[in-house]
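> Turn this into a model:
(2 chains)
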Amino acid sequence: SQKIEQNSEALNIQEGKTATLTCNYTNYSPAYLQWYRQDPGRGPVFLLLIRENEKEKRKERLKVTFDTTLKQSLFHITASQPADSATYLCALANFNKFYFGSGTKLNVKP
Amino acid sequence: GAVVSQHPSWVICKSGTSVKIECRSLDFQATTMFWYRQFPKQSLMLMATSNEGSKATYEQGVEKDKFLINHASLTLSTLTVTSAHPEDSSFYICSWYMTRDEQYFGPGTRLTVT
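Numbering: from 1, shown residues only, chains lettered A, B, ... in the order given. Now for the predicted structure:
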């Protein structure tokens, strides 16, 4: 079965720095990959989608890369702010079925 | 826009009883929706995919007779946990699927079975 790995340890960074989160997967060939933000006790909120034939996608301070050879996606938040503190989930998808990683908690300190 | 509500937001029930969780899309309609379960510090696990007017498709290992899904309309779906046990205690989240870029999640329902 497919396996999706995100760093279970929290990432602590200083405000203004770039946060980089990793999503690795095995036994799967997703058509696309998504990144979500989840706050405690809330449902996930969609951030970005990147397709299998795309290398990089940007949206404001967010950047996602997708390497299907390495089976890895990197999620970057530039000029991070305390309000960016949350858990970030990656999700792999084919057609309309989604498989989520367990998420990485990001703490941005002022 | 794209608001999804879940009711109740949290519920405590006794072992052996049934609990119904309601998921509504408030300002849009969609044919397909999903039910997920999330244990603490773990990923969202897809339980079932439901299309309005059809029987839900359950993921391997999810008992369809225990987790009853009624997809009543393009804006309402319910998940009933029958004969709940403590191991069913979890965070249940619904989502409505419109396109690959548009999957809108509810705020979740925290179920505790005592």
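
> Quick check, residue B:74 in contact with residue B:30.
Yes. The pair residue B:74 and residue B:30 passes the contact test of C-beta atoms under 8 Å, sitting 6.3 Å apart. Every residue, glycine included, has its C-beta placed from N, CA and C.

> Quick check: closest non-adjacent residue to residue B:80.
Distance criterion C-beta to C-beta, 6 or more residues apart in numbering or on different chains; nearest residue to residue B:80, sequence neighbours excluded, is residue B:68 at 4.2 Å.

> can you pull the contacts of that neighbour?
Residue B:68 sits next to B:79, B:80, B:82 when contact means C-beta atoms under 8 Å, 6 or more residues apart in numbering or on different chains.

> Residues touching stretch A:91-101, excluding its own?
The contact list for stretch A:91-101 (C-beta under 8 Å, 6+ apart) reads A:2, A:4-6, A:23, A:25, A:28-36, A:44, A:89-90, B:32, B:34, B:36, B:43-46, B:49, B:97, B:100, B:103.

> Read off the pLDDT value for the closest residue to chain A within chain B.
Per C-beta to the nearest C-beta, the residue of chain B with the smallest distance to chain A is residue B:105, at 3.3 Å. Note on residue B:105: pLDDT of 94.

> For residue B:47, which residues are in contact?
B:34, B:35, B:36, B:37, B:58, B:59, B:62, B:67, B:79.

> can those residues go into CSV with extra columns for neighbour count, distance to chain A and secondary structure?
Below are the contacts of residue B:47 laid out as CSV (neighbours: other C-beta atoms under 10 Å in any protein chain shown; distance: C-beta to the nearest C-beta, whole Å; DSSP: H, G, I helix; E, B strand; the rest coil):
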residue, neighbour count, distance to chain A, secondary structure
B:34, 24, 7, strand
B:35, 27, 12, strand
B:36, 24, 8, strand
B:37, 22, 11, strand
B:58, 19, 12, strand
B:59, 16, 9, coil
B:62, 16, 14, coil
B:67, 20, 17, strand
B:79, 25, 14, strand
